[in-house]
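Student: what's the 3D shape of this:
(2 chains)
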Amino acid sequence: MIGITSYGGYIPRYRLSRKTIVQDMAWYSPVIMAVAGGEKSVANWDEDAVSMAVTAARDCMTGRDRKSLDGVSLASTTLPFADRLNAGIVAAALNMKEDGVSNADFTSCIKAGTTAAISALESIEAGNKNSVLVVASDQRRTKMATMVEMFFGDGAAALLFGKDDVIAEFKGSHSVNCDFIDHYRGAGKEFDYGWEERWQRDEGYGKIIPQAIGGFLEKTGMKIGDFDKVIYPCYFGGTHKGIAGKLGINKENVHNNMHAVCGDTGTAHPFVMFVSALEEAKPGDKLLLASFGQGCDVMAFEVTDRIKDFKGPNGIKGSLANRAELASYQRYSKFRDLIAADLGIRGEANPSSALTVLWRKRKMLLGLVGAKCRKCGTPQFPAMPVCVNPDCWAVNEFDEYEFADKEAEILMFTGDMLAASVDPPAIYGLIGYDGGGRTMLDFTDCDLDQIKVGMKVKMSFRKRYFDERHGFTGYFWKAIPQARGGDA
Amino acid sequence: MAKGIRDKVAIIGMGCTKFGERWNDGSEELMVEAFQECLEDAGLERKDIQAAWLGNCFDEAGVGKSALPASMALRLPNISVTRVENYCASGTEAFRGAVYAVASGACDIALAIGVEKLKDIGYGGLPEFNSLMGVVNQLWMANMTAPGAFAMLATGYAARYGLDIDEVRKALAHVSVKSHANGALNPKAHLRKVVTEEQVLNAPQIAYPLGLFDCCGVSDGSACAIVTTPEIAKSLGKKDLVSVKALQLSLSNGTEFAYDWDGAHFITTSKASTAAYKESGIKNPREEISMMEVHDCFSITELVTMEDLHISERGQAPRDIMDGFYDLDGGVPCQVDGGLKCFGHPIGASGLRMLYEMYLQLHGRAGDRQLKDPKIGLTHNLGGFPFMNVCSIAIVGKYGA
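Tutor: Residues are numbered from 1 along each chain as shown, chains lettered A, B, ... in the order given. So this is what the prediction gives:
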């Protein structure tokens, strides 16, 4: 049996109420009031498509052997590197093996996630691979007071495909590919450029998704009524309903487009919606997934008995529940760098990204891999040639030790108003890991007044700096204090 | 067994500029100002100096590389000059170089000079240092500043002793109030205004839980010392010699940061002070030390240091501070000249500036803040961060005391 063996998801903690946007921006573009309901998810200032992909991928691989992966595919239209494999950053952050794997970026189209999924399934079907992780992620920039600013949210989701312990069996796919341009983003451009909504709605989503699903049904002989959930993106609420009507899908069998809770997450959205459907699925449920973008991929799955024993990761449900309201539109605008606020002269220093160091220390910097002393058993970060235990000081006698999935406790911390930060104060502290080892990390996704010495923290892969001059994004791990909620 | 440095070297001249925002002076002017005072005090000429050490930390933002800036500014007679950098211990390191050179017999008369020109960067606080921490560290270390790194110590200290952070802040406020009171008496100090506890506690926050008045001044300045052997000093007609009793340095090895540490003390200071007391023959520092200049870069640093110098018992520094034990009229007056807090903190000069105050006090030349008959003075620098630092301690006193 071939299909999905695990899933994971990530919706950033910050949510921006669309009312907040309307309050601050409707003077400029009153039309945005038409979609003022609900909220959109907003990536923190230190997140991007790659960092969110890592979080979703790690979530998907919770309790699983990352070394057994034969490859990771990353689907996104907002990748930070045009020439450097972005999936390779994800792979390094997962501390995957390097030999005998094949990683790939699927990009330039918001249906790239399902395209990557079909490709993964085909390679498994062909017997070339056993286990492929596909993660889709997007963090699209939008101009102020636009409809897409209202519609778009940020997020990521991951699906693990394989042969063993399948929780949702793959039942076939069908694709339509055509050069229909509802919107595009020219190379090097910051923002999408779209044609009028009726074009996107009526000739785009409203025709192409039904066409592809119709083609799938015809090809496989299945009926739309066979499916317990039909999952397809479309942020135009009326059109989303209209597609169901066209295809004869009962209301209760259509998966919600999640406009109310996080908005449309772009390339990630078919996966985000699909994962949220899987989280509610029962054995025997049949799920039909469709994407959209220069065509449409349609994929069918049947949930197996194994879903009952599947230890759910945090997923979309868990990350939606971890919510903090971003009450200020200005703060959102600064997070997305839509307005110019002064970082101060202190913030001008540009770290040199020594490519030699990035290679030599890739496990440390991207995988948060430290060392465990073979002699005294002390876990330590960073790994150094001499053991840190003063009663040991063994030289070069270490095994690799991963800290990324360890919890830790805050030993000391501060909120620093002097440090150059997009979101002051810069909060950081010394943390001690469960099982040993300690280090100093930046904290993120937290509010200073919630933090206490002794509080638990979890690790999160984040953007650490952006070298504007060279266009280089540097990543490292931060600590997230485990105070739920919060209000920003 | 090493015998140590006690009474092997005497200080025969010192100089120190006024610290402050010296907009119209660069490192050269500052060094020459301190050096001229020092030469005059010693009654020597340039040609008498046989070796020199320059202490400076942010060379990138100030003097530039090598010891040439000192050799050229002071027009030293083509002698050996060495630049040393060890974060905030740089000034004391320069002093150590000169003292050891004399003690070894390699030369008779040596100069230690420290300088830092910090106000050429265009923003408040110390120069940004994350990008100066090495090619690996700058890619992962937390987005720290000095106040933030030390502020963490306050949360660690409060947690270690089960104190409410506001109790700790009160003791910290007294630390700053006391230093401002002392600084007000010192014409060379950068900040010369008396402040109240209320002002300190209500000041804007810089890094939780530290406010503006918990942080020392960022100043330009220079200080220097000329040292020789007690025998040569006497032959030059010097009386009431001030001699070096101990010079100790202790550096972190990564334990605090990556292995084990309570987050409420300085391992290095604790070790360096123990070694310094041994070297100087001090059995009971609380009784025997007449006065101190410690590294009060932040109020919390001073509080914790009182325990690591083994003068306050563990957990008892807040009580001693509130009791006024470290005030000018207390048991061991601390920051007699205003400290880093008010005299200012041009990094490379600070260790030598502390020694300057000890030297003035021992000679009875400290003006309004003169203590009664001090015999032994201790200076302390703490460079780097609480979890990864360089600690230097110097003890000086009346020769033979």
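Student: okay, now the residue of the stretch 151-300 of chain A found nearest chain B: neighbour count?
Tutor: Of all residues in the stretch 151-300 of chain A, A:D154 sits closest to chain B, at 22.4 Å by C-beta to the nearest C-beta. Backbone N, C-alpha and C define where each C-beta goes, glycine included. The number of residues packed near A:D154 is 28, by other C-beta atoms under 10 Å in any protein chain shown.
Student: need the nearest residue in space to it, chain neighbours excluded.
Tutor: Excluding its sequence neighbours, the residue lying closest to A:D154 (C-beta to C-beta, 6 or more residues apart in numbering or on different chains) is A:A43, at 4.0 Å.
Student: how about that neighbour, what does it touch?
Tutor: A:12, A:14, A:52, A:139, A:154, A:335 (C-beta atoms under 8 Å, 6 or more residues apart in numbering or on different chains).
Student: which two of these have the greatest separation?
Tutor: Spatially, the most separated pair among those is A:M52 and A:F335, at 13.6 Å (C-beta to C-beta).
Student: more neighbours: which of those two?
Tutor: A:M52 (32 against 20).
Student: and the closest residue to that one other than its chain neighbours, helix, strand or coil?
Tutor: If the residues on either side of it in the chain are set aside, A:M52 comes closest to A:A156, at 4.0 Å by C-beta to C-beta, 6+ apart. For A:A156, the assignment made with DSSP: H, G, I helix; E, B strand; the rest coil gives strand.
Student: verify the contact between A:A156 and A:V90 for me.
Tutor: No. Checked against C-beta atoms under 8 Å, the pair A:A156 and A:V90 is beyond contact range at 10.1 Å.
Student: can you check which residues contact both of these two?
Tutor: A:53, A:135.
Student: contact partners for residue 225?
Tutor: In the absence of a named chain, chain A is used. If you count contacts by C-beta under 8 Å, 6+ apart, then A:G225 has A:248, A:250 around it.
Student: the intended chain is chain B.
Tutor: Here B:A225 is in contact with B:11, B:13-14, B:38, B:95, B:98, B:111-113, B:352, B:355-356, B:359 (C-beta under 8 Å, 6+ apart).
Student: one more time with 10 Å, if that's ok
Tutor: Residues near B:A225 by C-beta atoms under 10 Å, 6 or more residues apart in numbering or on different chains: B:11-16, B:34, B:38, B:41-42, B:53, B:91, B:94-95, B:98-99, B:110-114, B:242, B:244, B:351-352, B:355-356, B:359, B:396.
Student: what's the helix or strand for it?
Tutor: Per DSSP states H and E: B:A225 is located in strand B:221-228.
Student: immediately after that strand, which helix or strand?
Tutor: Heading C-terminal from strand B:221-228 (DSSP H and E), you reach helix B:230-235.
Student: tell me what that following helix is packed against?
Tutor: strand B:10-16, strand B:221-228, strand B:242-251 (3 or more C-beta pairs under 10 Å, 6 or more residues apart in numbering or on different chains; DSSP states H and E).
Student: can you do 7 Å?
Tutor: strand B:10-16 (3 or more C-beta pairs under 7 Å, 6 or more residues apart in numbering or on different chains; DSSP states H and E).
Student: give the rounded mean pLDDT of the strand it packs on.
Tutor: The pLDDT scores in strand B:10-16 average 98.
Student: and the angle from the following helix or strand past that strand to strand B:221-228?
Tutor: Following strand B:10-16 in sequence order, the next helix or strand is helix B:27-42 (DSSP H and E). Note on geometry: by axes from the mean of the first three to the mean of the last three C-alpha atoms, to 10 degrees, helix B:27-42 and strand B:221-228 are set 40 degrees apart in direction.
Student: distance check, A:P12 against A:N253.
Tutor: As judged by C-beta to C-beta, to the nearest Å, A:P12 and A:N253 stand 29 Å apart.
Student: of these two, who's got more company?
Tutor: Set side by side, A:P12 and A:N253 show more neighbours around A:P12, with 26 against 16, by other C-beta under 10 Å.
Student: who touches the more buried one in this structure?
Tutor: A:41-44, A:47, A:52, A:154-155 (C-beta atoms under 7 Å, 6 or more residues apart in numbering or on different chains).
Student: tell me the one among these nearest to chain B.
Tutor: A:N44 (14.2 Å).
Student: report the next helix or strand after the helix or strand of chain B with the lowest mean pLDDT in sequence order.
Tutor: Lowest mean confidence among the helices and strands of chain B (mean pLDDT, DSSP states H and E): helix B:255-258, at a mean of 94. As assigned by DSSP H and E, the chain's next helix or strand after helix B:255-258 is helix B:267-280.
Student: now the longest helix seen in chain B: average pLDDT?
Tutor: Across chain B, the helix with the greatest residue count (assigned by DSSP state H) is helix B:165-183. On average, the pLDDT along helix B:165-183 is 97.
Student: stretch A:366-376 too?
Tutor: pLDDT averaged over stretch A:366-376 gives 98.
Student: may I see the buried residues of it?
Tutor: Neighbour-count burial for stretch A:366-376, with 16 or more other C-beta atoms under 10 Å in any protein chain shown as criterion, is recorded at A:366-373.
Student: just the angle between the strand holding B:A225 and strand B:10-16, please?
Tutor: Using the same axes, to 10 degrees: strand B:221-228 against strand B:10-16 is 160 degrees.
Student: between strand B:242-251 and strand B:221-228, find me the angle.
Tutor: On the basis of the same axes, to 10 degrees, strand B:221-228 is oriented at 120 degrees to strand B:242-251.
Student: middle-most residue in the chain, spatially?
Tutor: All of this is about chain A. Centre of chain A computed as the mean C-alpha position; nearest residue by C-alpha atoms, centre = their mean is A:A156, 2.4 Å away.
Student: nope, chain B
Tutor: Mean-position check on chain B, C-alpha atoms, centre = their mean. Result B:G351 at 3.6 Å.
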